[in-house]
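Chemist: Pasted the sequence and its predicted model underneath.
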Amino acid sequence: MTFDVRVGGPADGVPVLLLHGFPEHAGMWDGVVDLLPEHRTIAPDQRGYSPGARPAGVEAYRVTELVADAVGILDALGVGAAHVVGHDWGAVVGWQLAGRHPERVRSLTAVSVPHPAAHAAAMRTDPEQREMSRYIAVFREPGAEERLLADDARRLRRMFGPLPRAEEFVRPLTEPGALTAALNWYRAMASRDQVGPVAVPTTYVWGTEDVAVSRRAAESCADHVTGDFTFVELPGVDHWVPEREPAAVAAAALTRMAGAPGGP
């Protein structure tokens, strides 16, 4: 498969792998990348979002495949280990990458979505999180893409609220097969893909107005990190943290990188 990857900064800079979430692409990191000029930033359009990496079938989007893509991209660029920053589904891939391949992750900065086990526990015990997660079942339904794209993608556009660059993210998903591939990340979710505690130095960033992640899920994230851990709470910020508060995300990532073994 061929991935579209935005690589920036000096060739000899410390590598930072930036993983986007649904329903965006690597362009979501532009504001954060601008604040990391001394680092070698690596921001791929992930599986299904890159036209050259859009396999058919739900099983092709299991989290093990998504993690393998991240490892493969690092390999292709000659990067042994990188600092990892992920948002939404990109955070899920980051958690999984740190848990399964800690030797490839110098530090992790996860934005919005907590450790998968924290999220799963909140789904079982927290009514607020169960209500917030109802959209997942909708996304997994057959025909979800048709509903999201109907009326000039009205429902898909509404997900972004007043985000200024919404059109930039919606347009690629109207291409044939693109939204199906993106939704297949949800359809391929399986309990067998659970990951254990993460030992790499980790920062978790959460906006208090996130409509998809409850406070209980966010605060219990610490229970699933055995390495150095920092929780950054952003009052009044919604789910689209990297676009709303790129300086806060960059600051959290830079602080985490500086405190990781080997420095920034």
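Modeler: Received the coordinates, thanks.
Chemist: what about residue 232, how many neighbours?
Modeler: 18 (other CB atoms under 10 Å). Heads up, the C-betas are built off the backbone N, CA and C, glycines and all.
Chemist: Is residue 30 in a helix, a strand, or coil?
Modeler: Per DSSP: H, G, I helix; E, B strand; the rest coil, the local secondary structure of residue 30 is helix.
Chemist: What distance do you get for it to residue 155?
Modeler: 25 Å (CB to CB, to the nearest Å).
Chemist: Please say which of those two ends up with more neighbours.
Modeler: With neighbours defined as other CB under 10 Å, residue 30 and residue 155 compare such that residue 30 has more, 16 against 13.
Chemist: gap between that one and residue 134?
Modeler: 31 Å.
Chemist: got it, and residue 117?
Modeler: Distance from residue 117 to residue 134, by CB to CB: 20 Å.
Chemist: And residue 20, by the same measure?
Modeler: Distance of residue 20 to residue 134, given as CB to CB: 23 Å.
Chemist: Who has more neighbours out of those two?
Modeler: Per other CB under 10 Å, whichever of residue 20 and residue 134 has more neighbours is residue 20, with 25 against 8.
Chemist: right, and the more buried one touches residue 45 too?
Modeler: Yes: Residue 20 sits in contact with residue 45 when judged by CB atoms under 8 Å, with a separation of 7.4 Å.
Chemist: intersection of neighbour lists for these two?
Modeler: residue 26 (CB atoms under 8 Å, 6 or more residues apart in numbering).
Chemist: give me phi/psi at the closest residue to residue 37 other than its chain neighbours?
Modeler: Excluding the flanking residues, the one nearest residue 37 by CB to CB, 6 or more residues apart in numbering is residue 9, at 6.3 Å. Residue 9 adopts backbone torsions of phi 80, psi 180, taken as degrees, to the nearest 10.
Chemist: List the contacts of the most centrally placed residue in the chain.
Modeler: Nearest to the mean C-alpha position of the chain, counting by CA atoms, centre = their mean, stands residue 90 at 1.7 Å. Neighbouring residues of residue 90 by CB under 8 Å, 6+ apart: 18, 19, 20, 21, 46, 111.
Chemist: How about residue 184?
Modeler: Per CB under 8 Å, 6+ apart, neighbours of residue 184: 48, 57, 58, 60, 61.
Chemist: The residue nearest to residue 37: neighbour count?
Modeler: Neighbours of residue 9 (other CB under 10 Å): 17.
Chemist: how near is it to residue 39?
Modeler: The gap separating residue 9 from residue 39 is 5 Å, by CB to CB.
Chemist: Would you map the helices across the stretch 101-250 of the chain?
Modeler: 116-125, 127-132, 134-140, 144-159, 166-173, 178-187, 215-219, 241-244, 246-259 (DSSP state H, counting those that start in this stretch).
Chemist: For these, give me JSON lines that also has mean pLDDT and distance to residue 232.
Modeler: Converted to JSON lines, the helices of the stretch 101-250 of the chain look like this (pLDDT from 0 to 100; distance: least, CB to CB, whole Å):
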{"stretch": "helix 116-125", "mean pLDDT": "96", "distance to residue 232": "15"}
{"stretch": "helix 127-132", "mean pLDDT": "97", "distance to residue 232": "20"}
{"stretch": "helix 134-140", "mean pLDDT": "96", "distance to residue 232": "25"}
{"stretch": "helix 144-159", "mean pLDDT": "95", "distance to residue 232": "24"}
{"stretch": "helix 166-173", "mean pLDDT": "95", "distance to residue 232": "24"}
{"stretch": "helix 178-187", "mean pLDDT": "98", "distance to residue 232": "25"}
{"stretch": "helix 215-219", "mean pLDDT": "98", "distance to residue 232": "10"}
{"stretch": "helix 241-244", "mean pLDDT": "97", "distance to residue 232": "10"}
{"stretch": "helix 246-259", "mean pLDDT": "96", "distance to residue 232": "5"}
